[in-house]
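S.K.: dropping a prediction and its sequence here:
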Amino acid sequence: VVSIASKSLRVGAPLTLAPVVTGAVGEQFWQVVSGTLPAWMKLDARTGLLTGSPTEIGSVTLALQVRDEDGAVGTSAAFTITVTPGLTIAGKAPSYGGRINQLFSMAPVTIGNAQGALSWTMAIGSGMPGGLIYNESNGTLSGRPTNSGTMTANLVVRDASDQATLNVSLNLVIAQELTI
């Protein structure tokens, strides 16, 4: 007997969906027998585990089949995975400006479709001027920049309800000090 529940999740949220099989002997071999996996979804042929992170809204209806090492076969009823809109940027300036050694503060970007508390992280390799501090609790940058130039801060925001994520790129333009 094979069963797997339908699931709803948002764009950017991780999918981990495991079928339940009873009566199988030894190793199992899984395959999709109805429907087509979207590009973002993977099926582990040994465990039947469906994983991935959806990149677009929509739905897919699938049925899985398992064969055990004795040759017994079981097929799941059709189930549907529905993907709804994920996190969005509701408000963002095209760039944020400042000047060397002048107080700089950037309010966090407004995020839409959030469900629950948001957490922010700076992506590895992001460019951020020296002298600025990144606040992971609210996504703000503040401080007194010590070098000029145009940099991109790549932030990742995740909400607490289903771990939907969104990558946010912020352009920072820090000007030289004024000299007379």
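M.R.: Yes, it's here. In this text the structure is predicted, and so the values were computed from the model without any measurement.

S.K.: only C-alpha atoms for contact and neighbour calcs from this point on.
M.R.: Fine.

S.K.: what's around Ser95, how many residues?
M.R.: Here the count is done by other CA atoms under 10 Å, and Ser95 has 13 residues near it.

S.K.: then the one 10 residues further on?
M.R.: Around Ser105 there are 16 other residues, counting by other CA under 10 Å.

S.K.: tell me the pLDDT of the spatially closest residue to Ser76 that is not a sequence neighbour.
M.R.: Sequence neighbours aside, Val2 is the residue nearest to Ser76 in space, at 4.9 Å (criterion: CA to CA, 6 or more residues apart in numbering). pLDDT for Val2: 94.

S.K.: so Val2 bridges to which residues?
M.R.: Assessed by DSSP bridges, Val2 has beta-bridge partners Val21.

S.K.: I'd say it and Thr22 touch.
M.R.: Yes - with contact defined as CA atoms under 8 Å, Val2 and Thr22 form a contacting pair (6.8 Å).

S.K.: so the two - more neighbours on which side?
M.R.: Higher neighbour count among Val2 and Thr22: Val2, with 18 against 9, using other CA under 10 Å.

S.K.: and that one, what does it touch?
M.R.: Pro19, Val20, Val21, Thr22, Gln65, Val66, Gly74, Thr75, Ser76, Ala77 (CA atoms under 8 Å, 6 or more residues apart in numbering).

S.K.: weed out the non-buried ones from the residues you listed.
M.R.: For the contacts of Val2, a burial check counting by 16 or more other CA atoms under 10 Å picks out Val21, Gln65, Val66, Gly74, Thr75, Ser76.

S.K.: the first one and Val1 touch, don't they?
M.R.: Yes - the pair formed by Val21 and Val1 meets the contact definition of CA under 8 Å, at 5.6 Å.

S.K.: beta partners of Ser119?
M.R.: Beta-bridge partners of Ser119, counted by DSSP bridges, are Arg158.

S.K.: how far off centre is stretch 100-119?
M.R.: 18 Å (CA atoms, centre = their mean, to the nearest Å).
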